[in-house]
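Student: the following block contains a protein sequence and its predicted model.
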Amino acid sequence: MCELFAMSSRVPATLGFSLERLARHGGAEGPHRDGWGLAFYEGGDCLLLREPRPASESPLMQFMERQGLRTKLGLCHIRLATFGALALRNTQPFARELGGTMHVFAHNGDIPTLADQRRSGPARFMPVGDSDSELGFCGLMTALAPIWDEAAGAIPDLATRLAVIADYAQELRALGPANFIYSDSDALFVHADRRTQPDGHLRAPGLYLLQRYCWRTAPELHDAGVNLTSIRQDVALVASVPLTDELWEPLGEGDLIALKDGLCFGADGRQVEPEEAAGREPLPLTH
């Protein structure tokens, strides 16, 4: 199975350390040699980088580890191909435009029966490749399109978006493992399901969550005439497997959360405090 990683933060941050850890799984320390992709958001648009080659052997990935862009919202995927040819068109994350903003999606799991649902006639969202994951993304976009169309250029209410995603995720889970990360530029949506564990059995957890906050000085703002001596940084990380020795929280089968500005929101759209999300007191981040 593939591996997923995503970050949501209050102020822009880089992903170098996490990308380096993840890239090792993409060929050097793991079997995920069939491609990788990164999406870095800036407002409603995103920079999307993808290659159908091992992340651990990619000069581009190594460059991003060292000189990675600062962003408040980033997604990453490393691929172990189980459905669809080893090609750029099947390399995640996938992206589509809806409501004047870029939507990005990455999936971990096997849902080959989605291929049977490929539309034969015209459709608003069509796959470019032949992977089950892209078909799942097109289905999600089709489900979300009505609420974005009704919003007429605005961003639909978070609870409304969560409700649509929850209904669609339930349909996917009935067809196979459906861990996915999805962003509409405003929020990052995380749906956890089952995953093939090291012992070979398919079970939860399929994703892990780590929430942290810290205070740091901001001397770079002094030159701009802003007398801000410290700012709070909230960060939420999601990964298929923990990337550090910290206590990552395993997400349960069918759990759905939204991350925005480093904060966590439950399926009802209400904010979940870090203590509740992690079951313990937040610890400081290192910079």
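Tutor: Right, received. Where do you want to start? Residues are numbered from 1 along each chain as shown.

Student: please make it C-alpha for all contacts and neighbour counts, starting now.
Tutor: Will do.

Student: ok, and the closest non-adjacent residue to residue 247?
Tutor: residue 210 (7.4 Å; C-alpha to C-alpha, 6 or more residues apart in numbering).

Student: so what's that neighbour up against?
Tutor: Each residue near residue 210 by C-alpha atoms under 8 Å, 6 or more residues apart in numbering is listed here: 236, 237, 238, 247, 248, 249, 278.

Student: any idea how far the third one lies from residue 210?
Tutor: With the distance defined as C-alpha to C-alpha, to the nearest Å, residue 238 ends up 6 Å from residue 210.

Student: for the second one, same thing?
Tutor: For residue 237, the distance to residue 210 equals 5 Å [C-alpha to C-alpha].

Student: and the longest helix for this structure?
Tutor: For the chain, the longest helix by residue count, based on DSSP state H, is helix 132-151.

Student: that helix - contacts with which helices or strands?
Tutor: Under the contact criterion of 3 or more C-alpha pairs under 8 Å, 6 or more residues apart in numbering; DSSP states H and E, helix 132-151 touches strand 94-98, strand 101-108, helix 158-173.

Student: now mean neighbour count, distance to residue 13 and mean pLDDT too, for those, in a markdown table please.
Tutor: Compiled in a markdown table, the helices and strands packed on helix 132-151 are given as follows (neighbours: other C-alpha atoms under 10 Å; distance: least, C-alpha to C-alpha, whole Å; pLDDT from 0 to 100):
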| stretch | mean neighbour count | distance to residue 13 | mean pLDDT |
| --- | --- | --- | --- |
| strand 94-98 | 18 | 22 | 97 |
| strand 101-108 | 24 | 19 | 96 |
| helix 158-173 | 17 | 24 | 97 |
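
Student: reformat those as CSV; add distance to residue 189.
Tutor: Listed next are the helices and strands packed on helix 132-151 as CSV, based on distance: least, C-alpha to C-alpha, whole Å:
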stretch, distance to residue 189
strand 94-98, 15
strand 101-108, 9
helix 158-173, 8
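
Student: backbone dihedrals for residue 40, please?
Tutor: Main-chain torsions, residue 40, degrees, to the nearest 10: phi -120, psi 120.
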